[in-house]
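J.: compute the structure for the input listed below.
(one chain, ligands or ions: 1)
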Amino acid sequence: MAYETIIVETRGKVGLVTLNRPNALNALNSTVLAEVLAAMQIFEANPRIGAMVLTGSEKAFAAGADIKEMQSKSYVDAYFEDFFVGWEQFARIRKPVIAAVAGYALGGGCELAMMCDFIIAADNAKFGQPEITLGVMPGMGGSQRLTRFVGKSKAMDMCLTGRTMDAAEAERSGLVSRVVPIGELLEEALKAAAKIAEFSLPAVMMAKEAVNRSYETTLAEGLRFERRLFHSMFALEDQKEGMAAFVEKRSANFRNQ
Ligand SMILES: CC(C)=CC(=O)SCCNC(=O)CCNC(=O)[C@H](O)C(C)(C)COP(=O)(O)OP(=O)(O)OC[C@H]1O[C@@H](n2cnc3c(N)ncnc32)[C@H](O)[C@@H]1OP(=O)(O)O
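T.: Have a look, this model is predicted:
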């Protein structure tokens, strides 16, 4: 498949999608949405792929939703097309997705990174929700996800003042899982994805589902959900293999069954 705004590659068991609109700092327009979703869905359906990495350029992961595409929309346009609803499909991808973020992750770019399962940031990364400076507010989940990541005070600060957070603050605040030198970003993200892809895919997917459930339910319900998924893992051959491998002091050979 030929893509206009992204580069799609596989590295072993890892699917790699690179946002590639250099002249617009990877601003997210409707073509980017359609292409990212198409590529991710192909990886999702490929049994040889165990994890994915989404990245951008050294200057920008993505500088936001495409302002030039949306500037002339009317309220009725936005309402009828349910503008941005398509990105919810990205958030529903069931295999793990790591965001490897260098440079600007602003507005929709920050929101897209937060839709991934975790964020590895380069030391030059800058996160922000500057929509307020454009006379609007976050619309791809920023007001909700950012608040869950960094708490009300910092989320309010970022959404109301439009200020950016550097990589060190983002790590301190829990927005990113690790910060690495820019030259090591892709390698580090691919290494983390390859590590995940070595494990039992059903166990990985259920772990992802359980962690995500914690955002949507009470603690009691979440604990019950986790326990039921955990019980179901005793039906997996991979559980037998993983535990036998430990006892026999050898590496596990997971078959994703
Ligand atoms: C509204 C909702 C719900 C979500 C959003 O995401 S709104 C967008 C939020 N993001 C922003 O407001 C950031 C906008 N961009 C900037 O402030 C700057 O581009 C920068 C600080 C990230 C980088 O500045 P720099 O001077 O290094 O680069 P520019 O010359 O400004 O940009 C290069 C090139 O890219 C175009 N660009 C950048 N961001 C966007 C964007 N979000 N949408 C569309 N186009 C964008 C910029 O216009 C320029 O292109 P031209 O040279 O053709 O003008």
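J.: direction included, what does the helix or strand hosting residue 119 pair against?
T.: When secondary structure is defined using DSSP states H and E, the element that contains residue 119 is strand 118-122. For strand 118-122, the paired strands and their directions (DSSP bridges) are strand 97-101 (parallel), strand 178-180 (parallel).
J.: any idea which of those is most buried?
T.: Ranked by mean neighbour count under mean count of other C-beta atoms under 10 Å, the strands paired with strand 118-122 are led by strand 97-101, which reaches a mean of 27. All C-beta spots, glycine's among them, are computed from the backbone N, C-alpha and C.
J.: contacts for the longest helix seen in the chain, please.
T.: What stands out as the longest helix in the chain, according to DSSP state H, is helix 30-45. By C-beta atoms under 8 Å, 6 or more residues apart in numbering, the list of residues contacting helix 30-45 from outside reads 1, 3-6, 8, 10, 15, 17, 19, 21, 26, 49, 52, 54, 66, 69, 86-87, 89-90, 93-95, 97.
J.: in ChimeraX, select just the buried ones from those.
T.: For selection in ChimeraX, the members of the contacts of helix 30-45 meeting the burial criterion (16 or more other C-beta atoms under 10 Å) are listed in this command:
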select :3,5,6,8,15,17,19,21,26,49,52,54,66,87,90,93,95,97
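J.: so which residues of the stretch 51-200 of the chain form helices?
T.: 67-70, 75-80, 87-91, 108-115, 142-150, 152-161, 167-172, 185-198 (DSSP state H, counting those that start in this stretch).
J.: other residues contacting the third one?
T.: Helix 87-91 is contacted by residues 33, 36-37, 40, 108, 111-112, 115, 140-141 when judged by C-beta under 8 Å, 6+ apart.
J.: okay, now residue 113: neighbour count?
T.: By the other C-beta atoms under 10 Å criterion, the neighbourhood of residue 113 contains 28 residues.
J.: spatially nearest residue to it, not counting backbone neighbours?
T.: When the adjacent residues along the chain are set aside, residue 113 lies closest to residue 99, with 4.1 Å between them (C-beta to C-beta, 6 or more residues apart in numbering).
J.: and what of residue 21?
T.: Of all residues not flanking residue 21 in the chain, residue 5 sits nearest, at 5.2 Å (C-beta to C-beta, 6+ apart).
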